[in-house]
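In: next input, structure requested:
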Amino acid sequence: MVHSQWLENAISTQDAIWPTILGWFIIVIGWLANHFLSEVRDRRKEVRNQIDELIQSLDKFREDAIKFHSAEIFDEQSASNLKFSLRKIEGAALRMSMLEERDIGILVKRIRQAATLKNFEPSDFQPQKYSSGIMSSVQLEVEEFIASIEGCYSRKYPNRFPYYRF
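Out: Next up is the predicted model:
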């Protein structure tokens, strides 16, 4: 009699433990999901800040290139600063790892060619009007670079759940 009562208590205890185990399992899964989504949100914010800084650098490069090409005389310091700015832009884009290294190289090359291929030698320098082909080309290539980075960001971090693409 005592043995059967003990068996009944053991069975009822096992029945009571499953809801507890299931509850803890749901808690752990919820915590993991919350942790993962928090990590994604933090990474998204970090990448957004890097993109914003890169866009500011590209905008400054565009302004500097327009000032350089519209100046009355060739300015060696400005020419050197333009080249250095491009190196910084390329490095920042590579560190973000939003685009393939090859794609970044192509985009930087196109900006470099737009800004320095023509009218960049002291002997050939002539002041350019704002509507000139050189000015338009620089602006177009900078916008193309920005659009490429923004497109990659939008694909990797969509604006709807789950806010991240694997």
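
In: tell me the backbone dihedrals of Pro122, please.
Out: phi -60, psi -40 (degrees, to the nearest 10).

In: need the nearest residue in space to it, chain neighbours excluded.
Out: Phe74 (4.4 Å; Cβ to Cβ, 6 or more residues apart in numbering). Yep, even glycine has a C-beta here, placed from its N, CA and C like the rest.

In: show me the shaky parts of this protein.
Out: 1-16, 162-166 (pLDDT under 70).

In: let's go with 50 and repeat that
Out: Along the chain, the model assigns pLDDT under 50 to no residue.

In: ranges for the strands of it?
Out: In the chain, no strands are found when defined by DSSP state E.

In: identify the single longest helix in it, thanks.
Out: Across the chain, the longest stretch assigned as helix under DSSP state H is helix 2-70.

In: which strands or helices does it pack on?
Out: Helices and strands touching helix 2-70, as assessed by 3 or more Cβ pairs under 8 Å, 6 or more residues apart in numbering; DSSP states H and E, comprise helix 76-96, helix 101-116, helix 133-156.

In: may I see the buried residues of the first one?
Out: Buried residues in helix 76-96, defined by neighbour count with 16 or more other Cβ atoms under 10 Å: 79, 82, 85-86, 89-90, 92-93, 96.

In: determine the angle, from 0 to 180 degrees, between it and helix 2-70.
Out: 160 degrees (axes from the mean of the first three to the mean of the last three Cα atoms, to 10 degrees).

In: do the shortest one as well
Out: Inter-element angle recorded for helix 101-116 and helix 2-70: 20 degrees (by the same axes, to 10 degrees).

In: need the buried residues of helix 76-96 in a markdown table with distance to Asp64, can you?
Out: Output for those, formatted as a markdown table (distance: Cβ to Cβ, whole Å):
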| residue | distance to Asp64 |
| --- | --- |
| Ala79 | 10 |
| Leu82 | 6 |
| Ser85 | 7 |
| Leu86 | 10 |
| Ile89 | 11 |
| Glu90 | 16 |
| Ala92 | 16 |
| Ala93 | 18 |
| Met96 | 22 |
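
In: isn't Glu98 up against Arg48?
Out: That one is not Glu; residue 98 is Met. No. Using Cβ atoms under 8 Å as the test, Met98 is too far from Arg48 to be in contact (10.9 Å).

In: show me the contact partners of stretch 55-65.
Out: Stretch 55-65 has contacts (Cβ atoms under 8 Å, 6 or more residues apart in numbering) with 78, 81-82, 85-86, 88-89, 92, 111, 115, 138-139, 142, 145-146, 149.
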